[in-house]
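Student: here you go, sequence then predicted model.
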Amino acid sequence: MTDNRNMIVAIVLSLVVLLGWQFFIAGPQLEAQQEAQQAQLANDAQQAGSSSPVALPEGASGQAAAPGTEAGTAVQSFVSRAQALAASPRLTIDSPSLSGSINLEGAKLDDLRLKDYRQTLDKDSETVVLFSPKGSPEPYYAEHGWVADPGVNVKLPKVDTIWTPQTSGRLTPTSPVVLSWDNGEGLVFKRTFSVDENYMFTVDQEVKNTSGNLVQLYPYGLIARNGEPETAGFYVLHEGLIGVIGDEGLQEIKYGDLVDDGSVRPGKANKGWLGFTDKYWAATLIPASGSDFQPNFSYSAASQNFQADYLGSAIQANNGATASNSSLLYAGAKVTNLLNGYQESLDILNFDLMIDWGWFYFLTKPMFWLIDKLYGLVGNFGIAILLVTVLVKAAFFPLANKSYVSMSKMKLVQPQMTVIREKFKDDKQKQQQAMMELYKTEKINPLAGCLPMVIQIPVFFSLYKVLFVTIEMRQAPFFGWIQDLSAPDPTTVFNLFGLIPWDPPSFLMIGIWPLVMGVTMFLQMKMNPAPAEPAQQMIFNWMPVLFTFMLATFPAGLVIYWAWNNSLSVAQQAVIMRRQGVKLELFSNITSSFKKGTKGKSK
């Protein structure tokens with residue numbers, strides 16, 4: 001029974017892995033949004049203090065008041081997004097990838113939509129909203145500015161300061177906009193916004209000093225998000241605050257953890273970035289490379305604001321001189337090739353880690369690279385996945401071929417194995433010794449049957465990760481009813497694939513492709529004779545059914561891969577068995593299994 005036992009071990013091992021994968025990944029619960037808390041007065045919350053030598057205004061660096069919210073006004077009245085946008089003067093943003101506006105009140109970015117992405121597959125669906133202003137249901141925005149040393153009386157622009165446009169028109173890739181504000185005391189502030197054709201903003205700040213005194217200021221940038229957003233809630237995906245901070249490397253902070261801790265303050269760095277990441281979108285601050293900055297992640301219980309911010313090094317402006325600072329802001333979709341390009345061209349430290357490739361990035365990233373290259377050739381990610389499966393099969397052909405040859409040899413010695421079992425049926429130890437001697441004589445590896453299954457597991461994991469985290473796979477169609485390879489097959493046998501007007505519960509969503517996968521798995525298992533022991537027979541018979549229900553909740557692209565891989569394995573094993581002179585018993589094994597089932601019922 002060693003040959004069948006090895007197959008059982010391989011299948012059970014795969015089942016255990018998939019069950020764990022299902023528990024932690026495919027069936028997680030969405031994180032519940034926290035209930036709104038009664039806001040505390042900002043000055044009470046500020047007693048917690050800040051360890052910054054220079055405090056950022058309006059909630060930065062651990063202060064409790066929300067960015068842009070003055071002390072004592074933490075409670076906000078929420079209106080519609082359109083009403084919040086109409087409440088302040090604005091300059092239009094219009095690029096090939098973005099639409100929105102700059103808020104002249106505070107000179108901040110708080111209105112962004114992604115032109116290339118829609119909320120659903122419906123062509124009339126609204127484009128994805130990234131930034132929204134304060135006062136709207138889900139505020140999310142970026143601010144830049146200056147702060148002075150504690151106790152120094154310098155009139156600086158505030159969050160409610162109205163800036164004056166110095167250029168006419170809208171912000172486009174070919175036309176930056178310049179805003180200015182005069183403090184009336186010899187300081188003139190300018191802020192220039194530029195944007196490329198994708199999602200990268202450049203924010204240049206200047207201070208012209210004619211006050212008659214030396215002025216020392218500190219540049220800062222912040223991204224604030226009000227309330228804990230709804231996340232996908234999957235174990236393998238980080239959604240929350242994120243950054244790469246110098247030598248400290250990748251920082252991933254969950255919303256719940258920040259609520260508990262209040263703030264996370266990495267050490268100073270001179271290279272890196274920080275901000276927020278969702279499954280497919282992100283907004284990150286990128287301070288000027290080579291200049292020291294102090295990063296900070298914080299949560300305010302008073303305003304329920306999550307915030308990522310940094311404080312730059314001091315910049316001095318003598319009388320008659322101009323001080324300046326430049327930084328970047330990425331706000332958009334996490335497109336792999338785009339992030340890689342920015343990392344190289346702008347020298348942004350590990351910018352590709354904005355995508356959660358996971359611990360096995362050395363498998364996941366090459367898998368995506370290969371699928372993406374094939375997509376460029378065939379124009380369909382589903383076809384690309386099928387081609388990747390063929391290439392993986394080809395790469396591991398020598399190993400799989402050796403495995404199937406060994407399995408075929410085991411079939412050839414089945415009569416001898418039966419004799420050994422009968423001869424030593426009362427002495428398991430001698431039976432095992434005789435079996436091992438037979439394997440040695442015939443040059444058979446009894447563990448070879450496990451190899452095809454073991455090889456498939458890392459490929460399965462890396463493909464799942466690619467389908468789940470990359471925006472390139474979002475709403476990527478295959479053919480027919482599969483219009484999103486990253487989502488489960490939308491059909492189900494339990495309403496006759498849409499003929500019956502009934503929406504079954506999620507655990508009964510057994511679509512066409514999961515059924516195809518189950519059938520191909522059943523055929524693959526029936527390539528071998530049924531085991532003699534009833535317990536092993538039961539596992540063999542019910543395994544395809546169990547996998548069909550499990551994989552039905554996985555992305556359709558993964559199920560298509562599994563079904564196609566099973567089909568190739570059946571064909572490969574059939575060819576090798578015939579070359580080894582082994583009788584192909586597929587159909588006889590199928591019919592015999594049904595006959596046994598019928599006999600069992602009639603007894």
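Tutor: Noted; the coordinates are in hand. Residues are numbered from 1 along each chain as shown.

Student: okay, CA-based contacts and neighbour counts for the rest of this
Tutor: Noted.

Student: bridging across strands, which residues link to the closest residue to Ala321 other than its chain neighbours?
Tutor: When the adjacent residues along the chain are set aside, Ala321 lies closest to Asn209, with 5.7 Å between them (C-alpha to C-alpha, 6 or more residues apart in numbering). Taking DSSP bridges, one obtains Leu187 as the residues bridged to Asn209.

Student: now do Leu329
Tutor: Applying DSSP bridges to Leu329, the residues it is bridged with are Phe201, Leu285.

Student: give me the pLDDT for it.
Tutor: We have a pLDDT of 98 for Leu329.

Student: that one is in contact with Phe201, isn't it?
Tutor: Yes. With contact defined as C-alpha atoms under 8 Å, Leu329 counts as touching Phe201 (5.0 Å).

Student: who has more neighbours, the two?
Tutor: Leu329 (25 against 20; other C-alpha atoms under 10 Å).

Student: can you tell me how far that one is from Ser80?
Tutor: Using C-alpha to C-alpha, to the nearest Å, we find Leu329 at a distance of 26 Å from Ser80.

Student: distance of Phe460 from Pro490?
Tutor: Phe460 is 21 Å from Pro490, where distance means C-alpha to C-alpha.

Student: give me the more crowded residue out of those two.
Tutor: Taking other C-alpha under 10 Å, Phe460 and Pro490 do not tie; Pro490 has more neighbours (19 against 15).

Student: how far away is the more buried one from Ser125?
Tutor: 19 Å.

Student: repeat that for Phe193.
Tutor: Taking C-alpha to C-alpha, one finds Phe193 at 30 Å from Ser125.

Student: which one of the two has more residues nearby?
Tutor: When neighbours are counted by other C-alpha under 10 Å, Phe193 comes out ahead of the other of Phe193 and Ser125, with 21 against 11.

Student: so which strand or helix has the more buried one?
Tutor: The secondary structure element spanning Phe193 is strand 187-195 (assigned by DSSP states H and E).

Student: mind listing residues that contact that strand?
Tutor: Applying C-alpha atoms under 8 Å, 6 or more residues apart in numbering, the external contacts of strand 187-195 come out as 95, 107, 171-173, 175-183, 201-211.

Student: list only buried entries from those residues.
Tutor: Restricting the contacts of strand 187-195 to buried positions leaves 95, 107, 171-173, 176-182, 201-210, with burial counted as 16 or more other C-alpha atoms under 10 Å.

Student: out of those, which are inside strands?
Tutor: Secondary structure of these is defined by DSSP state E; positions in strands are 177-182, 201-209.

Student: for these, name the two members farthest from one another.
Tutor: Farthest apart among these by C-alpha to C-alpha are Phe201 and Asn209. That separation is 26.1 Å.

Student: Phe478 is in contact with Ile383, correct?
Tutor: Yes. When contacts are counted by C-alpha under 8 Å, Ile383 is listed as touching Phe478 (7.4 Å).

Student: so Thr210 touches Ala323, yeah?
Tutor: No. The criterion here is C-alpha under 8 Å, and Thr210 misses it with Ala323 at 11.7 Å.

Student: distance of Thr192 relative to Thr548?
Tutor: In this view, Thr192 and Thr548 are 56 Å apart by C-alpha to C-alpha.

Student: my error: substitute Ser125 in the last question.
Tutor: As it turns out, when the distance is counted by C-alpha to C-alpha, Ser125 lies 32 Å from Thr548.

Student: neighbours around Val390, how many?
Tutor: A total of 15 residues lie near Val390 under the criterion other C-alpha under 10 Å.

Student: check the secondary structure at it for me.
Tutor: helix (DSSP: H, G, I helix; E, B strand; the rest coil).

Student: contacting residues around it?
Tutor: Val390 touches Asn565, Leu568, counting by C-alpha under 8 Å, 6+ apart.

Student: tell me the pLDDT at it?
Tutor: According to the predicted model, the pLDDT of Val390 comes to 93.

Student: following the least confident helix or strand in the chain by mean pLDDT, which helix or strand shows up next?
Tutor: In the chain, no helix or strand scores lower on mean pLDDT, DSSP states H and E than helix 42-45, which sits at a mean of 32. Per DSSP H and E, the first helix or strand lying C-terminal to helix 42-45 is helix 81-86.

Student: surely Leu485 and Ala384 touch.
Tutor: No. Counting by C-alpha under 8 Å, Leu485 sits too far from Ala384 to count as a contact (11.5 Å).

Student: looking at the two, which one has more neighbours?
Tutor: Higher neighbour count among Leu485 and Ala384: Leu485, with 25 against 21, using other C-alpha under 10 Å.

Student: can you report how many residues lie near the residue nearest to Val388 when sequence neighbours are not counted?
Tutor: For Val388, the nearest residue in space outside its immediate sequence neighbours is Ile371; the separation is 6.6 Å by C-alpha to C-alpha, 6+ apart. Burial of Ile371 is recorded as 24 neighbouring residues (other C-alpha under 10 Å).

Student: so where does Ile371 fall, helix or strand?
Tutor: Ile371 belongs to helix 361-378 when elements are defined using DSSP H and E.

Student: and if you look at Leu250?
Tutor: Residue-wise, Leu250 maps onto strand 249-254 under DSSP H and E.

Student: that strand - contacts with which helices or strands?
Tutor: Secondary-structure packing of strand 249-254 (3 or more C-alpha pairs under 8 Å, 6 or more residues apart in numbering; DSSP states H and E): strand 240-245.

Student: which ones are touching Thr164?
Tutor: Taking C-alpha under 8 Å, 6+ apart, we find Thr164 in contact with Leu104, Leu179, Ser180, Trp181.
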